[in-house]
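In: Build me a structure from this.
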Amino acid sequence: MASRTRLFFRFFGILAIFFAWPAMSPAFGQGLNPNPPASPVKLIFIHHSTGEGWLSDDQGQLALELMDNNYFVSDTNYGWDPDPQSPDPIGDHTDIGHWYNWFLGPDQDTNCTALYAESDEHSSYTRMETDPGGDNEIIMFKSCFPNSNISGNPGDAPLAKGLENLLYRQDCYSEYHTVANIKGLYRDLLDYFVTRQDKLFILIVSPPLIQAETTAGQAANARAVANWLINDWLDSYAYSNVKTFDYFNVLTSNGGSRTINDAGKTNGNHHRYWNSAIQHIQTVAGNYSAYGSGDSHPTAAGHQKATAEYVRLLNIWYNAWKEIPGPSLTVTAPASGDTWYRGEAVSITWTKSGTQGANVKIQLYKGATKVKDISLNTPNDEGFTWTVPPTISMAANYQIRITTLDGLVRGDSELFAIAKPTIVVSAPAKSAVWPKGSARTIAWTANGPQNASVKIELLRSGVKVLNINLSVSNSGSYGWTVPTSLPTSAAYKVRVRTVDNLVTGLSQAFTIS
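Out: Here you go, the predicted structure:
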């Protein structure tokens, strides 16, 4: 099977992809599986002319990429019908109002039975040579760009359930082709889809029109419907067998002209798998097609952008529907609440599961901001030794982020702290009383990398009064007999300092009596 990245090289040469990650939880994206199915899956696409261009080898190359990802593709087009002699083939009717005829109307069973069994090509594209057999599992359906001339208002709610929807059976030139009726019809389709959990239905949102073929109000309505389909349509639908690809949004930004697209760019209008998450964004204003080809049929560049963004989403949706887990990467060290010290050699560790890239990059984040590239290419072998830079700022909100070089799998550590090395003196304790002449143990804890020897000093009221030992092992304890010559006072402290004077610890005040 050809690499999924082949598409980028085929279309654009070497494509630089720039990553801009938000702050995310450690498990973010680990449930998504963008890998192709392990065995061929049958898919059928209900479409007309824009679908032909998207599928074709010399324009969108969608069929080629689907083949590379282990999908056996069939389609319906003009003239398709369960009855080859039908004077009015249902394949001629793919406007939004016509989805009633396909999935809800009196001929629903006849139409869908034939649709699920269809295994022929009805437009020109390359696909797998061998039909794996059985019915189609995935049903893609799309209305063409005239359906983006929508009347009504962007904020109109779906037509109330139970009211007669006059858009049923109507084409996109009907007066009933409104925001409310369209939303209501899509909502009603779920009544059928919920009965066919054995099928994955993917709505391809109608593509946008060029500015010359629509009005600002109609285009704004089309944008509103597209956003509703992505953000609201499936809110109350408890199953994973219905998904939406925002073909409309994808085709509303380009890479500078209608023949150059912005696939792989950080900004723009996209619906894609990006940085281990599904991303739906609009950073470019506008509700018109950015890829007009003289009319509203998208150019090859627009179709190719849609292919680049769609296929990995399809893999994710199929795997989620089939409950096929994706690869994961879990950072195990640093753990929550750990403190790593400047200059310390530490072990970054992780566990991995599933098929994933052989190499990773390791980065240090502080909040949402990347602080340092620890390594941009190291084996994905679940361990890496790093020396914490001695100049790095101290804070408690650091995270380690590990990402496979293909960007498909990522794990973030829990929050941890970076601090400077310390010495913490625990004995004498606060308000302790050490009698003159008594044998006592001075105790301390050395945290982080530091000199192997320390000097121990006695202070009274902040002034050094005695060198207890000017060079002793930094072992954490030292036996000392309190001199009888010391004056009685409650203002004594013991100071433990490395012999290079870089790390110092000071006890609490105690009494010598």
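In: how about the residue nearest the centre of the chain, phi and psi?
Out: With distances taken as C-alpha atoms, centre = their mean, the chain has residue 277 as the residue nearest its mean C-alpha position (1.3 Å). Taking degrees, to the nearest 10, you get phi -140, psi 160 for the backbone angles of residue 277.
In: So it sits against residue 270, correct?
Out: No. Assessed by C-beta atoms under 8 Å, residue 277 is found out of contact with residue 270, at 11.9 Å. To be clear about C-beta, it is placed using only N, CA and C from the backbone, and glycine gets the same treatment.
In: Next, the distance between the ends of stretch 129-136.
Out: End-to-end distance of stretch 129-136 (C-alpha to C-alpha, to the nearest Å): 16 Å.
In: ditto for stretch 231-239
Out: 15 Å.
In: do the same with stretch 51-68
Out: 19 Å.
In: from the chain's centre, how far out does that stretch sit?
Out: Mean-position distance between stretch 51-68 and its chain equals 25 Å (C-alpha atoms, centre = their mean, to the nearest Å).
In: Please, where are all the strands along the stretch 101-250 of the chain?
Out: 138-142, 200-204, 242-245 (DSSP state E, counting those that start in this stretch).
In: Check which helices and strands the first one is in contact with.
Out: When contacts are defined as 3 or more C-beta pairs under 8 Å, 6 or more residues apart in numbering; DSSP states H and E, strand 138-142 sits against strand 41-46, strand 200-204.
In: out of those strands, deepest packed?
Out: Among those, strand 41-46 has the highest mean neighbour count (mean count of other C-beta atoms under 10 Å), at a mean of 24.
In: then that strand to PDB, C-alphas only?
Out: Output in PDB follows, covering the C-alpha atoms of strand 41-46 (Å, rounded to 0.1, in the frame of the first residue of the first chain):
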ATOM      1  CA  VAL A  41     -13.300  -1.600   2.600                       C
ATOM      2  CA  LYS A  42     -16.100  -1.000   0.100                       C
ATOM      3  CA  LEU A  43     -17.200   2.600  -0.300                       C
ATOM      4  CA  ILE A  44     -19.700   4.300  -2.600                       C
ATOM      5  CA  PHE A  45     -20.000   8.000  -3.400                       C
ATOM      6  CA  ILE A  46     -23.300   9.600  -4.500                       C
END
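In: That strand: partners in the sheet, and parallel or antiparallel?
Out: Note on strand 41-46: by DSSP bridges, its sheet partners are strand 71-76 (parallel), strand 138-142 (parallel).
In: and the residue nearest to the centre of the chain, how far is that from residue 310?
Out: 16 Å (C-beta to C-beta, to the nearest Å).
In: Tell me which of the strands of the stretch 101-250 of the chain approaches residue 347 most closely.
Out: strand 242-245 (41.1 Å; C-beta to C-beta).
In: Keeping just the C-alphas, turn that closest one into PDB.
Out: Extracted in PDB, the C-alpha atoms of strand 242-245 (Å, rounded to 0.1, in the frame of the first residue of the first chain):
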ATOM      1  CA  VAL A 242     -22.700   9.500  10.800                       C
ATOM      2  CA  LYS A 243     -20.000  12.100  10.000                       C
ATOM      3  CA  THR A 244     -19.700  15.400   8.100                       C
ATOM      4  CA  PHE A 245     -16.800  16.600   6.000                       C
END
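In: Strand partners (parallel or antiparallel) of it?
Out: strand 200-204 (parallel).
In: What mean pLDDT does the partner strand get?
Out: In this model, strand 200-204 has an average pLDDT of 98.
In: Outside of it itself, list whatever touches it.
Out: For strand 200-204, contacts defined as C-beta atoms under 8 Å, 6 or more residues apart in numbering pick out 47, 51, 137-142, 186, 193, 229, 241-245, 247, 314, 317-318, 321.
In: at 6 Å instead, please
Out: 138, 139, 140, 142, 193, 241, 242, 243, 244, 245, 247, 321 (C-beta atoms under 6 Å, 6 or more residues apart in numbering).
In: who's in contact with the last one?
Out: When the contact criterion is C-beta under 6 Å, 6+ apart, the partners of residue 321 are 200, 240, 241.
In: quick one: which of these is nearest residue 432?
Out: residue 240 (64.9 Å).
In: From what I see, the closest one and residue 320 are in contact.
Out: Yes. Contact criterion C-beta atoms under 6 Å: residue 240 and residue 320 qualify, at 5.3 Å.
In: hmm, back to that, possible to save the helices and strands packed on strand 138-142 as CSV with distance to residue 85?
Out: CSV is the format used below for the helices and strands packed on strand 138-142 (distance: least, C-beta to C-beta, whole Å):
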stretch, distance to residue 85
strand 41-46, 21
strand 200-204, 28
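In: Would you mind telling me which of these is nearest residue 350?
Out: Here strand 41-46 is closest among these (C-beta to C-beta), at 31.6 Å.
In: Burial check on the residue lying closest to residue 442 once chain neighbours are set aside, number of neighbours?
Out: For residue 442, ignoring the flanking residues on the chain, the nearest one in space by C-beta to C-beta, 6 or more residues apart in numbering is residue 478 at 4.7 Å. Residue 478 has 20 neighbours, counted by other C-beta atoms under 10 Å.
In: how about residue 478, phi and psi?
Out: According to degrees, to the nearest 10, residue 478 has phi -150, psi 130.
In: dump the residue contacts of it.
Out: With C-beta under 6 Å, 6+ apart, residue 478 has these contacts: 442, 456, 472.
In: My reading is that the second one lies in a strand. Confirm?
Out: To tie it back to what came earlier, the one meant is residue 456. Yes. Counting by DSSP: H, G, I helix; E, B strand; the rest coil, residue 456 falls inside a strand.
In: which SS class is the nearest residue to it once chain neighbours are set aside?
Out: Leaving out its chain neighbours, the residue that sits closest to residue 456 by C-beta to C-beta, 6+ apart is residue 468, at 4.2 Å. What three-state DSSP gives for residue 468 is strand.
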